[in-house]
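Okay, structure incoming, though there's no sequence with it:
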């Protein structure tokens, strides 16, 4: 192979999936000359698994990404064909947006954004190595011999890195959807000293809609009152253009699978890597939940201009002939024509404890990771890491302070802290239960929490930031009005209270106190609120939530303050943990490996006990006193 100079860039992004897209756009928008590589340009923004954006916890990530200035929310709004709000029967903390997307339109939109972004070059190439000069990233080299000089590189390789697909006993070196795998890069990264590991994920069969009987399935329409993902589109109603359906596995399905478990790569030793616990294959579901009589299967369109339907819940690596039997055993799919078989895919990734909270490698300055390369799963998890890596690579090259999102800031901070502090033994998926502060980290207030950060680093426009400030000024004004507007105990008011199932009043009461009652909504009070201004839905909903959950929110804010005090107590990067008395051996080893930046991060490391933290705090105080004595 002849190596030649292919140009000089500030930042090279390896991969153009959901992580790579956000990384490349963030870097270029912050003024960095950026090159983004895809093994195949037709794979840009691909959804090799479910054709949807958002979902429980994931919708929060997309909203937070949008608040910081990312692209995914806008593309999901434009390519969405069905919108739903999940968990509506629960509290607002776990309400999550989900959009069924037109897969090809989403790709088309994202590819166009990359191609039209000033300062960004999109290139089809397989990167096979990362080179260093004096220990820092200096270039990346493609399989064709093209060497691209760069001052930072972001690895966002998805499931392509060392990709191997498995359908029964048919094992092939491949990336997702039959794309070429990226192979030599793993050896290059390992040679740089990175700890690599092997994970696995999978996808279900796709079937032709013309051969499916949806009349025996349960209709799953979209929500007409669903909101868009992007705060920039808040005034534009979403449009539901497609429907999904729900069907179930049954005893016959289960018998077929159990009779062929010896042919399942998951159970006969073909697959040795670790798969996602929260998105298991149908074989795994049957083994781990043997008494469950049926499992849900959602039938989802892949787009408006294709007949392909995605069978969510039927992920599998069973042989193709078994897959046919399984599909045909399900109500409505008896005559379904499989267009793409289900498959498992194994891939290489890094141990995320190798990374700093900026997503830069601890060992190799200028090398960043994002997405499934960091051990996560999911498009949304990948996208937010891409933005964080792209922003921090750009800020470092500019000599500016990094953007470090804390757990107290939202789900992005929680996700990254979990990965770099605790690590993961399986593909990591965000869930609302992972956040200690989920009542504060709602999807509706992501702009209030994060827009100032997006504006400060330079990704969010002056206009967008001004709109956020205006929205929350309107929230504050309406809340003040409700607190200071009182109603007398009239029969009309008490009739309303009786109809809502709540106690009558015998003296004057503020509109705010009435709204604090769980049984009463903002709309209920409209007939008695003569001075009510006309407000956008987002404003009065925010007012209602903050009043109804005021006590819980205040408690979590106090917890956040305590958390921040721990985070502000820094630990030196070169701290000699062998010199700290009282640490247990396991804690000492973990602290030396992860090298936490502060006491808060240290306290969350698996294997570090409260007693270890006490020993560390005592030693740190004594060390400070020794330093002061020397001064």
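Yep, that arrived. Just so you know, these numbers come straight off a predicted model, no measurement behind them.

When you work out contacts or count neighbours from here on, use the C-alpha atoms and nothing else.
Fine.

mind checking which helix or strand residue 53 is in?
Using DSSP states H and E, the secondary-structure element containing residue 53 is strand 52-54.

which residues touch the residue nearest the centre of the chain?
In the chain, the C-alpha nearest the mean C-alpha coordinate belongs to residue 381, at 2.4 Å (CA atoms, centre = their mean). For residue 381, the contact set (CA atoms under 8 Å, 6 or more residues apart in numbering) comprises 58, 61, 371, 415, 429, 430.

In strands only, show me those residues.
Among these, DSSP state E puts none in strands.

Now render those as JSON lines, adding distance to residue 202 and pLDDT.
Compiled in JSON lines, the contacts of residue 381 are given as follows (distance: CA to CA, whole Å; pLDDT from 0 to 100):
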{"residue": "58", "distance to residue 202": "19", "pLDDT": "97"}
{"residue": "61", "distance to residue 202": "22", "pLDDT": "98"}
{"residue": "371", "distance to residue 202": "16", "pLDDT": "97"}
{"residue": "415", "distance to residue 202": "22", "pLDDT": "97"}
{"residue": "429", "distance to residue 202": "14", "pLDDT": "95"}
{"residue": "430", "distance to residue 202": "18", "pLDDT": "95"}
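
Mind listing the strands the strand holding residue 53 pairs with, and their directions?
The sheet places strand 52-54 alongside strand 96-101 (antiparallel), with pairing taken from DSSP bridges.

Can you give the distance of the strand it pairs with from its chain's centre?
A distance of 13 Å separates the centroid of the chain from that of strand 96-101, by CA atoms, centre = their mean, to the nearest Å.

same thing with stretch 504-523?
Distance of stretch 504-523 from the chain centroid (CA atoms, centre = their mean) equals 38 Å.

Next, the distance between the ends of it.
Chord length of stretch 504-523, first to last residue, is 18 Å (CA to CA, to the nearest Å).

mind listing the helices in the stretch 301-450 of the chain by residue range?
Chain-ordered helices for the stretch 301-450 of the chain, with DSSP state H, counting those that start in this stretch as the definition, fall at 320-328, 379-397, 411-417, 446-457.

list the buried ones in the first one?
This points to helix 320-328. Across helix 320-328, burial judged by 16 or more other CA atoms under 10 Å covers 320, 322, 323, 324, 326, 327, 328.

Quick check: phi and psi on residue 296?
phi -70, psi 140 (degrees, to the nearest 10).

need the contact list for it.
Residues near residue 296 by CA under 8 Å, 6+ apart: 246, 247, 248, 249, 313.

For it, give the beta-bridge partners.
The residues that residue 296 bridges to, once DSSP bridges is applied, are residue 248.

And it, how far from residue 48?
When CA to CA is the yardstick, residue 296 and residue 48 sit 21 Å from each other.

for residue 580, same thing?
When distance is defined by CA to CA, residue 580 is 49 Å away from residue 48.

before we move on, what about residue 533?
The spacing between residue 533 and residue 48, counted by CA to CA, is 47 Å.

which of these two has more neighbours?
Per other CA atoms under 10 Å, whichever of residue 533 and residue 48 has more neighbours is residue 48, with 15 against 8.

wait, that one sits on residue 176?
Yes: with contact defined as CA atoms under 8 Å, residue 48 counts as touching residue 176 (6.2 Å).

Any buried residues in the lengthiest helix in the chain, and which?
Secondary structure of the chain read by DSSP state H shows that its longest helix is helix 462-484. Taking 16+ other CA under 10 Å as the neighbour-count basis, helix 462-484 is seen to contain the buried residues 464, 465, 468, 471, 472, 474, 475, 478, 479, 481, 482, 483.

which among the residues you listed gets closest to residue 610?
Nearest to residue 610 among the buried residues of helix 462-484, counting by CA to CA, is residue 472 at 39.6 Å.

what's residue 120 sitting at in phi/psi?
Backbone torsions for residue 120, taken as degrees, to the nearest 10, come to phi -120, psi 130.

Same check on the one 3 residues further on?
As for residue 123, its main-chain torsions (degrees, to the nearest 10) stand at phi -140, psi 130.

got a list of what it touches?
By CA under 8 Å, 6+ apart, residue 123 lies in contact with 35, 36, 37, 38, 41.

neighbours of the last one, just the number please.
In this case it means residue 41. Using other CA under 10 Å, residue 41 has 15 other residues around it.

Looking at it now. What's its pLDDT?
As summarised for this prediction, residue 41 has a pLDDT of 97.

Is it in contact with residue 115, as I believe?
No: with the criterion set as CA under 8 Å, residue 41 and residue 115 do not qualify as a contacting pair; they are 10.9 Å apart.

what helix or strand does residue 202 sit in?
strand 196-203.

just residue 592 next, same as before
Residue 592 belongs to helix 585-594 when elements are defined using DSSP H and E.

what's that helix in contact with?
Residues outside helix 585-594 that contact it (CA under 8 Å, 6+ apart): 353-354, 420-421, 577-578, 602, 605-609, 612.

out of those, which is most surrounded?
Going through the contacts of helix 585-594 with other CA under 10 Å as the criterion, the one with the most neighbours is residue 602, at 27 neighbours.

In contact with it, which residues?
If you count contacts by CA under 8 Å, 6+ apart, then residue 602 has 421, 591, 596, 608, 613 around it.

Any stretches of the stretch 101-250 of the chain with poor pLDDT?
Low-confidence segments of the stretch 101-250 of the chain, defined by pLDDT under 70, are absent; every residue clears the threshold.

Also the chain?
Counting by pLDDT under 70, the chain contains low-confidence residues at 623-631.

if you set the cut-off to 90 instead, what comes out?
For the chain, the stretches with pLDDT under 90 are 1, 235-237, 271-280, 562, 572-575, 579, 606-607, 610, 617-631.

Distance check, the residue nearest to the centre of the chain against residue 373.
Counting by CA to CA, the gap from residue 381 to residue 373 is 11 Å.

Kindly report the same for residue 4.
Shown here: residue 4 relative to residue 373, a distance of 28 Å by CA to CA.

more crowded one of these two?
Counting neighbours by other CA under 10 Å for residue 4 and for residue 373 shows that residue 373 has the greater number, 28 against 12.

my guess is the more buried one meets residue 157, correct?
Yes: using CA under 8 Å, residue 373 makes contact with residue 157 at a distance of 6.0 Å.

right, and the secondary structure at residue 269 would be what?
Assigned state for residue 269: coil (three-state reduction, DSSP: H, G, I helix; E, B strand; the rest coil).

Ramachandran angles for it?
Geometry field for residue 269 lists phi and psi as phi 100, psi -10, criterion degrees, to the nearest 10.

For residue 429, see how far away the closest residue to residue 539 other than its chain neighbours is.
By the measure of CA to CA, 6 or more residues apart in numbering, the closest residue to residue 539 outside its immediate chain neighbours is residue 475, 5.5 Å from it. Taking CA to CA as the measure, residue 475 and residue 429 are separated by 33 Å.

Residue 289 too?
Distance of residue 289 to residue 429, computed by CA to CA: 21 Å.

between those two, who's got more neighbours?
Ranked by neighbour count (other CA under 10 Å), residue 289 and residue 429 place residue 429 first, with 19 against 11.

wait, that one sits on residue 379?
No: contact between residue 429 and residue 379 fails when scored by CA under 8 Å: they sit 10.1 Å apart.

wait, what's in contact with residue 8?
For residue 8, the set of contacting residues under the criterion of CA under 8 Å, 6+ apart consists of 148, 149, 150.
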